[in-house]
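J.: after the sequence you'll find the predicted model.
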Amino acid sequence: MLLSDRSVSWAELDDRLDAASARLAALGVQPGDRVACFADTHLDVIAALLATHALGAVWVPINPGYQHAELAHVLEHSGAALVLCDEARLARGGPRARPLSSWCTRGRPHAHAADDDELALLIYTSGTTGRAKGCMLSFANVLGAVSALSGLWRLGPGDEVVHALPLFHVHGLCVALHGALLRGARTRMLERFSPAAVIDAVARGGTVFMGVPTMYRRLLDHLDAKPQDGAVLARARLFCAGSAALPAADLEAFQRHTGHRIVERYGMSETLITLSNPLEGTRKAGTVGRPIPGVHMRVVDDELQVQGPGVMRGYWHDPEATAQAFTPDGFLKTGDTVRVDDDGYVTIIGRTSTDILKVGGYKLSAREIEEQLAMHPAVREVAVVGVPDREWGQRVVACVVPRDAGAPPTLTSLQAHVQLHEAKKPRGLYLLAELPKNAMGKVQKKLLADQAARDVAP
Ligand code: MLC
Ligand code: AMP
């Protein structure tokens, strides 16, 4: 493992894991306890993650960009026994906050022989309701899905994964980090994504890069300005994309620059990765490929439904949402609308719900943003929609009926009013005299999104 140019051997990682598990055990962590983490990417985070797994406790990663209400919801809902924070966030972690540093105090390692069905992770993800839900992923889910995918992509000890993804979502945590650890590949952790950092990492021996489409868009902008860096990226073995739709034109442009045809795959916090283009065979642009080993899929009323090793046990403390997420015969309803071609390759066309947005690979709930905007004094009615965006995939647009048409709110004042993660702030404002509604009085969001895409300047 490499972090900030500091190299950590497997043996040192083991030592750090032991120290962290001794410390967590000394703090009273028991199997099944939820251990939340509210921190930037750091080696101590990885040691604490592995120690939490070793103790049979449940890791609850939290986006460090979360504001008070978002953080409080996850901590309260998960019932976290403690919150591991980096120094900068200790004060925000509340009474259960503990520093992530000083793990290196020696101690007897603690371990618990976890049953495969025990919970390993609670991953909070936005839904159609305002509040994020916790996906319960067991050790069997993580191992099953990660070994299937990393096997398909032939990750191995000869690889070095260039890791620039956040560790609080399944892409960075399970696909990239656990994938590399499971296959004995090296991991080069970048503290922040930038095209230059990725190119430098490949120049130093990185072989596999996994990214969200926004990262590829930024890499392409860099390559357009500095095409000679394409030859550096050409030295890698594999580029993978997921978490949001990769435009077919971007895939083709990346191939022109680097010779690499990106392997696009599809997944969810609820299911881990279920579909992928192949390592060998045709990688079809604009598709997410076919089911990976162990996954069964079907399409019902254009919606993709899946069953497989990574499919969650349900939503934490939410039997109603869990019941709604599954069909009676045990398939998970993804909420994604798809098309399947004659070769069985799947194209994701969109979401069945317009209340879910994807911005830079982050899933956002329109409702959560609307709830806050509705409290703005100059807003009479509001609907949040996602409009296509070249860099971010989608952009948050607030469609607002002002209280006083003569004094509408400004975009800046709406942004300041939203006390949520930066990515949830509106980036466009669409002022209307009224919101389009159907006969039932429900806002016609598809129509509104189309109008906003046409009328709101990027
Ligand atoms: C957000 N910002 C925008 C914007 N949207 N600015 C202008 N226009 C928009 N449309 C702002 C943010 O609010 C923020 O403001 C700033 O840009 C940075 O936000 P950020 O998202 O942290 O961006 P950045 O630092 O530039 O990094 C971009 C990124 C990052 C692509 C590296 O978004 C990222 O790591 N995304 C990965 C998400 C991920 O891992 N998803 C996987 C989910 S799992 P400010 O003021 O702070 O600068 C999943 C399953 C699967 O989906 O299949 O994998
Ligand atoms: P999350 O809840 O953050 O894990 O997001 C899961 C959602 O991301 C899926 O339901 C899809 O809508 C979307 N997604 C993931 N991978 C892809 C992809 N390759 N193409 C299009 N959408 C994707």
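T.: That came through, no problem. Ligands and ions are numbered 1, 2, ... in the order given.
J.: show me the domain layout of this structure.
T.: 2-114, 150-350, 353-455 (automatic domain parsing).
J.: now the terminal residues of the first one, how far apart.
T.: Terminal residues of domain 2-114 are spaced 28 Å apart (C-alpha to C-alpha, to the nearest Å).
J.: that one and ligand 2 in contact?
T.: No - under the criterion of C-beta under 6 Å from any ligand atom, domain 2-114 makes no contact with ligand 2; the nearest approach is 11.0 Å. Quick note: C-beta positions are derived from backbone N, CA and C, even for glycine.
J.: now do the second one
T.: Yes - with C-beta under 6 Å from any ligand atom as the measure, domain 150-350 is seen reaching ligand 2 through 170, 242-245, 264, 266-269, 288, 334, 336, 348.
J.: mind putting the domains of the chain into CSV with mean pLDDT and distance to M136?
T.: Output for the domains of the chain, formatted as CSV (pLDDT from 0 to 100; distance: least, C-beta to C-beta, whole Å):
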stretch, mean pLDDT, distance to M136
domain 2-114, 90, 8
domain 150-350, 98, 4
domain 353-455, 97, 17
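J.: okay, those domains in JSON lines with mean neighbour count and distance to F139 next?
T.: Formatted as JSON lines, the domains of the chain follow (neighbours: other C-beta atoms under 10 Å; distance: least, C-beta to C-beta, whole Å):
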{"stretch": "domain 2-114", "mean neighbour count": "18", "distance to F139": "6"}
{"stretch": "domain 150-350", "mean neighbour count": "19", "distance to F139": "11"}
{"stretch": "domain 353-455", "mean neighbour count": "18", "distance to F139": "24"}
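J.: can you list the ones you listed in JSON lines and add distance to G130?
T.: Shown next, in JSON lines, are the domains of the chain (distance: least, C-beta to C-beta, whole Å):
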{"stretch": "domain 2-114", "distance to G130": "9"}
{"stretch": "domain 150-350", "distance to G130": "13"}
{"stretch": "domain 353-455", "distance to G130": "4"}
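J.: out of the ones you listed, the one nearest S126 is which?
T.: The closest of the domains of the chain to S126 is domain 353-455. By C-beta to C-beta, the value is 3.9 Å.
J.: near ligand 1, anything from the closest one?
T.: Yes - Domain 353-455 lies within reach of ligand 1 by C-beta under 6 Å from any ligand atom, at V359, G360, G361, Y362, D389, W392, R395, E422, A423, K425, R427.
J.: ends of stretch 242-250, how far apart?
T.: Counting by C-alpha to C-alpha, you get 13 Å between the two ends of stretch 242-250.
J.: can you list the residues that contact that stretch?
T.: For stretch 242-250, the external contacting residues (C-beta atoms under 8 Å, 6 or more residues apart in numbering) are 169, 171, 175, 210, 212-214, 216-217, 220, 262, 264-267, 273, 285-286, 288, 348, 358, 360-361, 393.
J.: how about 6 Å then?
T.: The contact list for stretch 242-250 (C-beta atoms under 6 Å, 6 or more residues apart in numbering) reads H171, V212, P213, Y216, E264, R265, A285, G286, I348, K358, G361, G393.
J.: list the residues that contact the closest residue to G156 other than its chain neighbours.
T.: Leaving aside its chain neighbours, G156 sits nearest to R183 (5.4 Å; criterion: C-beta to C-beta, 6 or more residues apart in numbering). Neighbour list for R183: S150, L155, G156 [criterion: C-beta under 6 Å, 6+ apart].
J.: L55 now?
T.: S21, L24, V29, H110, H112.
J.: tell me which two in those residues are the farthest apart.
T.: L24 and H112 (11.0 Å).
J.: out of the contacts of R183, which is nearest to ligand 1?
T.: S150 (14.1 Å; C-beta to the nearest ligand atom).
J.: surely that closest one is in a helix?
T.: Yes - per DSSP: H, G, I helix; E, B strand; the rest coil, S150 lies within a helix segment.
J.: need the residues of this structure near ligand 1, please.
T.: Residues of the chain lying near ligand 1 (C-beta under 6 Å from any ligand atom): 165-166, 169-172, 193, 212, 214-215, 242-243, 266-269, 359-362, 389, 392, 395, 422-423, 425, 427.
J.: out of those residues, which sit inside strands?
T.: Y266, G267, M268, V359, Y362, D389, R395 (DSSP state E).
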